[in-house]
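Colleague: What shape does this take:
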Amino acid sequence: QGATWVGLEVQADNAAARQLYERMGFKEVGRILHMLRPAGPLQLDELPSRAGLRKGRGRDSAALFSLVSAMVPEPQRSLLEIRSGDYRPDWQRALDLWFERRRETWWVVEEGAEIRGAVRVVRERKRRPDRLEVLISPGREGRFERILVHRAMSDLRGLNRRMVEIQIPGPSSSLVAVLESLGFRKLRVLVQMQRAMRRRSLTGVNQLFENP
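Modeller: Numbering: from 1, shown residues only. Down below sits the predicted model:
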């Protein structure tokens, strides 16, 4: 009906499904690692204060969206429905979230007046895990993850009866190591796949199901 592409997600270890989708013309455009910290006490080391660490503000919106755009390729951003309006730490978004009974806080790290890293802390509704999102400027991996994650978990320390989840795009060994040190566990890896529809017919797909 005029769509230019179609996307899906599949678990990385589901080889049979991935092979089927590849035969149908789907190609991998990115991966997301899901991690979860079970509810329980949290012991945080005292970290030295860091110049440049501050709360996010509305004027940081463009810089935050630039960070996530640099980390996640455009086809994967489209499939994950990443929008600039979701990276807007201003009063209007705070009000929207308040009506949904959710709260959101941003912390950012600046270097030379440029935002090089950020973490989003989302306090979710009851029965849903709280969420983190960590953004690190490409080329600066390994420098800001610990201070950002510890700052975020400090915000949630009083809520240690709740689970905390995070989704990490692409490989990020330094961030994973910090999270594992705080009790996060790897749950699954989801592969995002996309199939271009423009100037293509579904003849091949139909034949696939007629002659499996």
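Colleague: alpha carbons only for contacts and neighbour counts from here, please
Modeller: OK.
Colleague: who's Leu36 bridged to?
Modeller: Counting by DSSP bridges, Leu36 forms beta bridges with Glu165, Arg185.
Colleague: Go ahead and confirm it touches Arg185.
Modeller: Yes - between Leu36 and Arg185 there is a contact under C-alpha atoms under 8 Å: 5.3 Å.
Colleague: higher neighbour count, those two?
Modeller: Leu36 (21 against 16; other C-alpha atoms under 10 Å).
Colleague: dump the residue contacts of the more buried one.
Modeller: 163-166, 184-187 (C-alpha atoms under 8 Å, 6 or more residues apart in numbering).
Colleague: Selecting buried members of those residues in PyMOL, what would you type?
Modeller: Provided next is the PyMOL selection string for whichever of these are buried by 16 or more other C-alpha atoms under 10 Å:
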select buried, resi 163+164+165+166+184+185
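Colleague: Next, format the contacts of Leu36 as CSV and append distance to Asp155.
Modeller: Below are these laid out as CSV (distance: C-alpha to C-alpha, whole Å):
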residue, distance to Asp155
Met163, 14
Val164, 12
Glu165, 14
Ile166, 15
Phe184, 16
Arg185, 20
Lys186, 22
Leu187, 23
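Colleague: Between the contacts of Leu36, which sits nearest Ala17?
Modeller: Of all these, Ala17 sits closest to Leu187, with 18.9 Å by C-alpha to C-alpha.
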